Structures are given as structure tokens and as C-alpha cells.
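*Asks:* Show me the folded form of this:
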Amino acid sequence: MKEYIEANKDRFLEELFSLLRIPSVSSLEAHRPDMERCAGRLAELLKQAGADEAGVYPTAGHPVVFGSRKVAGAAGTVLVYGHYDVQPVDPLELWHSDPFEPEIRDGAIYARGANDDKGQLFMHVKAFEYLVRTGRLRHNVKFIFEGEEEIGSPSLADWVREHREMLKADIILVSDTTMISEDVPSINCGMRGLSYVEIKVTGPDKDLHSGHYGGAVANPINVLCDMVSSLIDRDGHITVGGFYDDVVELSDEDRAKLARAPFDLEEYKKFLKIDEVKGEKGYSTMERTGIRPCLDVNGIWGGYTGEGAKTVLPSEAHAKISMRLVPNQDSGRISELFEKHIMSIAPPYVHVEVKHHHGGNGFLIPISSPAYQAASRAVGEVYGTEPVPSRGGGSIPVLADMQKILGIDPLLMGFGLERDTIHSPNESYLLSQFYRGMEAIALFYRYYREDAGQ
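*Replies:* Sure, this is the predicted structure:
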């Protein structure tokens, strides 16, 4: 495929840029027309790449793009999943270029969505195009690109249930994850789940003068900070009752296998510009982000935060909290346990509410599966070394839903790197990874056969 990429890379980039220029921010209502526009553009690109059909399907939220191509005597069916929605760009002032006007600098594409996930899903479209145009496609291929992954995919599970027959396949192929490094390729064999909640603490019915009332009336921000700080103890252990009940402890043998992945703690700290790491006692940094659950405050606010001073005792305080879960933990149950715990520690001088946002369960796939073995062979051929099996610390909650509804496993062939700073300003994607990803995906189809033991 190298020759095909070289002959068409200018076109590939311009087509990808046409997607990156669309501000498809799913969390902001103002961008709803952009979501429709991006979905329509993706359907066009699928048709141009060789899909027999490609269309935009409505959901309860943002639309789904579905496309497919059937092959006579197919070796099996591959369902490609990706998402075209992106994170907000705030804080905009930290970007070195317009987040929705892609630029190539230092061998990388810089734009919101360059990696997560427009750049990665686009690799599949172009690998598919190559296989179609060169007569090498031996599988039926189906594409499902959603527009709500960054907000927890609230509409997709229902849509998948309604279209279960249309989505029948042997494997879900996904590129929405990272590798350990360019030199040490890896394939994720599992991801953590997610439970996302919001706490609201209300004190007096209005903001008060902090001089007239301070010291006599509970300050909701102070109370919220106390509550949040109590959620994790000094050993990094989450204090919510029942939180660890379903966590499966890995054996020493399994932990040793995961530890084979190269990791330089000093380089890690240097990259993040921190002096020391912090986390659950008794576990390494890689284990803390792969095989252990965690709890983090994603945002906290209340009172006056504008320029200058305002002596106010606020009426309300808020916090958004995410809990990353390991396989076997149930997202819904964890959210319920969290709410129960928060209400049990809420003091009587404030009113506390817990709002449940989105979530999903984690999953694991066996590295002995034919699909994983095909991916390992393909990635190894492109990178010149066998990829390391790893576990992703992030979450794609809907994949667990799709696994359950469709009865097939997801395979995570991600080509992003930590340097790409997804969800942050100056998101990027190395061109070398973009091109290597196409090569590896095309090879996956060569090595993945229905008669391989599925």
C-alpha cells in the first residue's frame, strides 16, 4: 500500500482536512448543524471510497453514518466503528493555530479531531478504498460512525438494537486508542469503563455578603471541597462503600506480563512536567491507568470567578466527577453507590443533589483470538517488531454495549500517541502514524480470515 499512499497522499490529506474544518462539537447545541454537515461529508467520502451504500441515519441525538460493501464469497464481515464528533476547543488562547483550520507542522497534523477520532477513522476509509480499487477486498465491510462518543454515546445503543440485523458482523474494528510509542507498537486488549456524575451543593437561597454572613452560614464551596477530598484516602483508595466489590485482582503472573511493556517513569514525569506521580498505593503507574479504577474531579466551580474581587458567600457549588472502571464493574451500580455515599456524608446545613450523566462498562478480549492475531501480525509487519498487548486507561463505553447487543468483540487497533494531546489544546497526529495505520489496517484484512478459527 505504500505506493498507493504516496500517489494519493495529497488527496488523502485534503479529504481529511475537509472533515477537520467542520467544528463537530457534539456537546454544544450551537454546533448541531455542523454535526449534520460532518455526517453528510463522511457519507460522501465512503461512497467515493467504494461503498455500495452510505447514508446518514437519524437518532434521538446526533446522526449515525452507516455504509457497507458486500463481496461475493466473502471471508467474513468486518464492522468498522469510529466517531466524528470532537471535544470543545477551550481554552482557545492556548492553541498555536486555529483548531478548525488544520496545519501540518513538524511532521504532524494539528487540528481538533486530527487524532480523536477523525484522523484515525479516516485511515479505515482509505485502507478500504485501496482494497476496493486494487481488487484485494475479500471481506464484507460495514462502517458505523457516530456523533456522540464524546458525550457518552447516549443514542447509539438504542440505534444499534434497532438495526441489529443490518450490523451483523464477525468483529468490530476500532481505531480510537493509542500505542505505547512509535518504536514500541501495542494493541489494546481491553479498556476501562466510565461513570460520570455531577454534584450540586446548595446553601442559602441567594449569594450573601461574606462580611455579614461569613462564619455563621455554611459556604457551599467549602462544604463541597470537604466532601470531595474525603472520596480518596491517603493511600489513593476510593472510599465509596462497595466500590471495589467487583474488581478482579490480577494474578502476579498477569501483572508481570503487563509489566513487560516498556515504561520510563522519568520520561513520563518529564513529558508531563511533574516532579512526582501519585496514585493508589501498591500499584505501578501503568497498572493505575490500566487495571485499576480511579476517581477524578473534572471540574469544580461556584461563587465569583471574574476579574478582581467580590466578597461573596455563594449560594451554590458544583463539581463534575468521573470514575474510570475496570471490567466486571457495572457503571450503573457504581453511580448508585456514589450517590448513596455522597448523600450519607452530606451535612445538614446544605442541600446536596447528584446528577447522573453518562457511563458504560469496560471490556477485555483474548489475545488468542484470530482477530487479535491478525492485527498483531499486521502491525508487526509494518513496524518491524511484534506489538505489545496493553490495556487502555480511557473509555469507549458504547463498545461494551455493542459487544453485548451484537455478540461480537471489539478489536482496538489504535495508532495515536500520548504526544498527540487529545482533548487538549494543540491536538495533533503524526503523518507517519497516519500512513502506517493505513498500511496495517489493509494488512489486517489480508490476515484475518473466517477459516482462522472464528
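
*Asks:* Please make it C-alpha for all contacts and neighbour counts, starting now.
*Replies:* OK.

*Asks:* remind me which residues of the protein are low pLDDT?
*Replies:* For the chain, applying pLDDT under 70 flags the ranges 450-454.

*Asks:* Residue ranges of each domain in it, please.
*Replies:* 2-191+362-452, 193-247+293-360 (automatic domain parsing).

*Asks:* can these go into JSON lines with extra columns for mean neighbour count and distance to A259?
*Replies:* Shown next, in JSON lines, are these (neighbours: other CA atoms under 10 Å; distance: least, CA to CA, whole Å):
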{"stretch": "domain 2-191+362-452", "mean neighbour count": "20", "distance to A259": "10"}
{"stretch": "domain 193-247+293-360", "mean neighbour count": "17", "distance to A259": "18"}
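
*Asks:* Show me the one of those domains that comes nearest I274.
*Replies:* domain 2-191+362-452 (15.5 Å; CA to CA).

*Asks:* right, so of the domains of the chain, which gets closest to Y268?
*Replies:* It's domain 2-191+362-452; of those, that one is closest to Y268 (CA to CA) at 10.0 Å.

*Asks:* sorry, back to before: can you list the domains of the chain in a markdown table and add distance to K281?
*Replies:* Below are these laid out as a markdown table (distance: least, CA to CA, whole Å):
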| stretch | distance to K281 |
| --- | --- |
| domain 2-191+362-452 | 18 |
| domain 193-247+293-360 | 5 |
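
*Asks:* Which one, of the ones you listed, ends up nearest to F271?
*Replies:* That would be domain 2-191+362-452 among the domains of the chain, by CA to CA, at 8.5 Å.

*Asks:* quick one: secondary structure of A169?
*Replies:* With DSSP: H, G, I helix; E, B strand; the rest coil as the basis, A169 sits in coil.

*Asks:* phi, psi of it?
*Replies:* The phi/psi pair for A169 (degrees, to the nearest 10) reads phi -160, psi 180.

*Asks:* From G308, how far out is the residue lying farthest from the centre of the chain?
*Replies:* Relative to the mean C-alpha coordinate of the chain, counting by CA atoms, centre = their mean, the farthest residue is H212 (47.2 Å). H212 sits 20 Å away from G308, going by CA to CA, to the nearest Å.

*Asks:* Likewise for A317?
*Replies:* For A317 relative to G308 (CA to CA), the value is 20 Å.

*Asks:* hang on, the earlier thing: now find how far off-centre the helix or strand where the residue farthest from the centre of the chain lies is within its chain.
*Replies:* Taking DSSP states H and E as the criterion, H212 maps to helix 210-213. Centre-to-centre, helix 210-213 and its host chain are 45 Å apart (CA atoms, centre = their mean, to the nearest Å).

*Asks:* again with stretch 419-439
*Replies:* Relative to the chain's own centre, stretch 419-439 is displaced by 14 Å; criterion: CA atoms, centre = their mean.

*Asks:* mind exporting that stretch as PDB, just the C-alpha atoms?
*Replies:* Only the C-alpha atoms of stretch 419-439 are listed here, as PDB (Å, rounded to 0.1, in the frame of the first residue of the first chain):
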ATOM      1  CA  ARG A 419       2.300  13.300  22.400                       C
ATOM      2  CA  ASP A 420      -0.900  14.000  20.400                       C
ATOM      3  CA  THR A 421      -2.600  15.600  23.400                       C
ATOM      4  CA  ILE A 422      -6.200  14.600  22.500                       C
ATOM      5  CA  HIS A 423      -8.900  16.600  24.400                       C
ATOM      6  CA  SER A 424      -6.300  19.400  25.000                       C
ATOM      7  CA  PRO A 425      -5.200  22.400  23.000                       C
ATOM      8  CA  ASN A 426      -2.900  21.700  20.000                       C
ATOM      9  CA  GLU A 427      -4.200  18.200  19.300                       C
ATOM     10  CA  SER A 428      -2.100  16.600  16.600                       C
ATOM     11  CA  TYR A 429      -1.500  13.400  14.700                       C
ATOM     12  CA  LEU A 430       1.900  12.300  13.200                       C
ATOM     13  CA  LEU A 431       1.800  11.800   9.500                       C
ATOM     14  CA  SER A 432       4.000   8.800   9.900                       C
ATOM     15  CA  GLN A 433       1.300   7.200  12.200                       C
ATOM     16  CA  PHE A 434      -1.400   8.200   9.800                       C
ATOM     17  CA  TYR A 435       0.200   6.400   6.900                       C
ATOM     18  CA  ARG A 436       1.400   3.400   8.900                       C
ATOM     19  CA  GLY A 437      -2.100   3.000  10.200                       C
ATOM     20  CA  MET A 438      -3.500   2.700   6.700                       C
ATOM     21  CA  GLU A 439      -0.900   0.000   5.900                       C
END
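
*Asks:* Give me the contact list for it.
*Replies:* Applying CA atoms under 8 Å, 6 or more residues apart in numbering, the contact partners of stretch 419-439 are 1-2, 5, 87-92, 94-97, 99, 107-116, 119-120, 123-124, 126-127, 182, 382-383, 415-417.

*Asks:* end to end, how far does stretch 267-277 reach?
*Replies:* 12 Å.

*Asks:* Please identify the buried residues of it?
*Replies:* Counting neighbours by 16 or more other CA atoms under 10 Å, one finds that stretch 267-277 has no buried residues.

*Asks:* Quick one: residues in contact with it.
*Replies:* Applying CA under 8 Å, 6+ apart, the external contacts of stretch 267-277 come out as T285.

*Asks:* give me that answer again for 10 Å
*Replies:* For stretch 267-277, the surrounding residues in contact (CA atoms under 10 Å, 6 or more residues apart in numbering) are D264, L265, E266, S284, T285, E418, R419.

*Asks:* can you redo those as TSV with distance to R234 and secondary structure?
*Replies:* Formatted as TSV, the contacts of stretch 267-277 follow (distance: CA to CA, whole Å; DSSP: H, G, I helix; E, B strand; the rest coil):
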residue	distance to R234	secondary structure
D264	25	coil
L265	22	helix
E266	23	helix
S284	16	coil
T285	17	helix
E418	28	helix
R419	30	helix
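
*Asks:* of all the residues you listed, which two lie farthest apart?
*Replies:* Farthest pair in these (CA to CA) is S284 and R419. Separation: 21.0 Å.
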